[in-house]
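Engineer: What follows is a predicted protein model with its sequence.
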Amino acid sequence: MSTSELDKYKVDHLFLLIGENPLPNYVAAKTLVAEGGKAYLVFTEHTQKPAERLKDALGLSDNEMLPLDNNESNPCEIKKRIRDKIKEIQDNPDNANKKQFGLNYTGGTKAMAVHAYQALLQPSLEDPTYKLNPEPRFSYLDSRNLKMLIDQSTNPIPLDIPKDKLDFSLEKLFKLHGFTLSKPPKTKVTLPELVEAIVKHKSDWQNWCRKVLRLEARNKIELGEVKNTNNEIEKVFELGDWKNAGEIRKIALPTLELPQEITNFMEEKKLLDDNGCLSIPKIERASIIPKPSQPNRYPKEICKWLEGVWLEDYVLQKLKDLQQQEQKEIDEKLKKEEERLIDEVGMSFNFPENADIGHFEFDVAFLRGYQLFALSCTTDTEPGLCKLKLFEAYRRARQMGGDEARVALVCCYDRPERIKQGFMSQIKDDKVNVFGLGDLADLSEKLKTWIQEVDK
């Protein structure tokens, strides 16, 4: 449906019931409040912080905040406070020509929804016959169908949510949840040609990481001694964390076992030393891999990228390829602007050192309108670890994006259907997807198909 159809159901005064996730309330405020109108945030002690963040995002004042304190289940108190606010709004002469009230009951508790609804239907306790004129409008954001439902006497009216009204971004999504990025999400792909070559020669690259990178750049923890087949004593080691910056800068990583396509690229970028070994200091000086906030962490970050973070860049590149393809279709009038599959995409979500973010478990994300798509990436081939990564991404994405969020894992395991089956045995969400080793070569098309079909 067009934007004009949604405009018919906008209101001057919209009551929003605040739950733990403020995203649905943000969408409702941006799409249902008429020009010059106001949103009023009805919240409890438990949801005060989400309400305050939403207040900042919408540019509201204290007068638009309607606290229920700890009365989220108290019918009398809920109705009284909403009725009092309605009367205050009506008594304000500035609102003489702003008489349309509404309630979006997506958030909050069931008791809050029921009694707020009743308060708008019967706004005066003293005069039960008094009704709002015009009648209040009630709405609900349907996460299953991604529609705004407008109540009426028969079936509700489903309305599409126009993207251009949302003024939304990944950064704003994080802020709604109290997380401030220390810098904008990364949108430029690191070494795209090398990443493509790594995928093309995935087995060779994995062997090199195992035999060269990890052995040279990680600490070795001695576990004991054993006798080999020649009755010689050998020490047994376990690989620990990356070495410190000074030690990593001293190592040279032989490239003899790497395919010529990869070493040619490294040579072209002047990343090899005189002996043809990959040089960490040369990569560091070239600044071609994103720098962390603390310089001494840079050598470790380079090793991490070589070992596995490159897959995130590959996924980012495939999504950007889709964006470019869509833009071409829009320019050629083959597709409408509002039909875009990807509006904003990014990776490497960096938070301040003291941010209480815990483990942030998705690596690449994009928005379609207000809907979050989160992709977790791992080069690990152990199915248990892959499944754990998917569970953690799912939990965080749903926390951020609500029931509308869509989640996928991109991994290097060759039987991704097993990971999905294991996930589905515990969480029945068939919209989750897993892309494995066999999907990497044509990942753009695989992602496109998933995005197009996931909400049908």
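Structural biologist: Arrived safely, thanks for sending.
Engineer: So what's the gap between stretch 413-423 and the chain middle?
Structural biologist: Chain-centre distance of stretch 413-423: 22 Å, with CA atoms, centre = their mean, to the nearest Å.
Engineer: Other residues contacting that stretch?
Structural biologist: With CB atoms under 8 Å, 6 or more residues apart in numbering as the test, stretch 413-423 has contacts from 380-383, 386-387, 390-391, 394, 409, 411, 432-439. C-beta coordinates here come from the backbone N, C-alpha and C atoms, glycine included.
Engineer: mind redoing it with 10 Å?
Structural biologist: Residues from elsewhere that reach stretch 413-423 (CB atoms under 10 Å, 6 or more residues apart in numbering): 378-391, 394, 407-411, 429-430, 432-439.
Engineer: Show me which parts of that stretch are buried, residue by residue.
Structural biologist: Under the neighbour-count criterion of 16 or more other CB atoms under 10 Å, stretch 413-423 has 413, 416, 419-420, 422-423 buried.
Engineer: Narrow the contacts of stretch 413-423 to just the buried residues.
Structural biologist: Buried members of the contacts of stretch 413-423, scored by 16+ other CB under 10 Å, are 378-379, 383, 386-391, 394, 407-411, 432-437, 439.
Engineer: Mind giving me the packing neighbours of the helix or strand hosting E35?
Structural biologist: Per DSSP states H and E, E35 falls inside strand 33-43. Secondary-structure packing of strand 33-43 (3 or more CB pairs under 10 Å, 6 or more residues apart in numbering; DSSP states H and E): strand 11-17, helix 23-32, helix 48-58, strand 65-67, helix 75-91, strand 101-104, helix 110-121.
Engineer: Quick check: buried residues in the longest one?
Structural biologist: Neighbour counts using 16+ other CB under 10 Å place 78-79, 81-83, 85-86, 89 of helix 75-91 among the buried residues.
Engineer: List just the nearest of the residues you listed to Q118.
Structural biologist: Set against Q118, the nearest of those by CB to CB is K79 (6.1 Å).
Engineer: What sits closest to the closest one if chain neighbours are left out?
Structural biologist: Using CB to CB, 6 or more residues apart in numbering and skipping the chain neighbours, the partner closest in space to K79 is A119 (4.2 Å).
Engineer: What is the burial count for the one you found?
Structural biologist: Close neighbours of A119, defined as other CB atoms under 10 Å, add up to 25.
Engineer: In contact with it: list those residues for me.
Structural biologist: Here A119 is in contact with 15, 42, 75, 78-86, 103, 125, 136 (CB under 10 Å, 6+ apart).
Engineer: looking at this structure, which helix or strand is least sure?
Structural biologist: Every helix and strand of the chain was ranked by mean pLDDT, DSSP states H and E. The lowest is helix 3-7, at a mean of 74.
Engineer: now L388: how far from Y394?
Structural biologist: The gap separating L388 from Y394 is 11 Å, by CB to CB, to the nearest Å.
Engineer: Hmm, I typed the wrong one, I wanted C386.
Structural biologist: Computed with CB to CB, the distance linking C386 and Y394 is 13 Å.
Engineer: Could you tell me which residues touch both of the two?
Structural biologist: 376, 409, 423.
Engineer: in the sheet, who's paired with the first one?
Structural biologist: Looking back up the chat, that one is S376. S376 has the following beta-bridge partners by DSSP bridges: L409.
Engineer: Just the ones in helices from the buried ones among the contacts of stretch 413-423, please.
Structural biologist: Secondary structure from DSSP state H places 383, 386-391, 394 of the buried ones among the contacts of stretch 413-423 in helices.
Engineer: Take these and lay them out in CSV including pLDDT.
Structural biologist: Converted to CSV, these look like this (pLDDT from 0 to 100):
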residue, pLDDT
P383, 94
C386, 96
K387, 95
L388, 94
K389, 93
L390, 95
F391, 94
Y394, 95
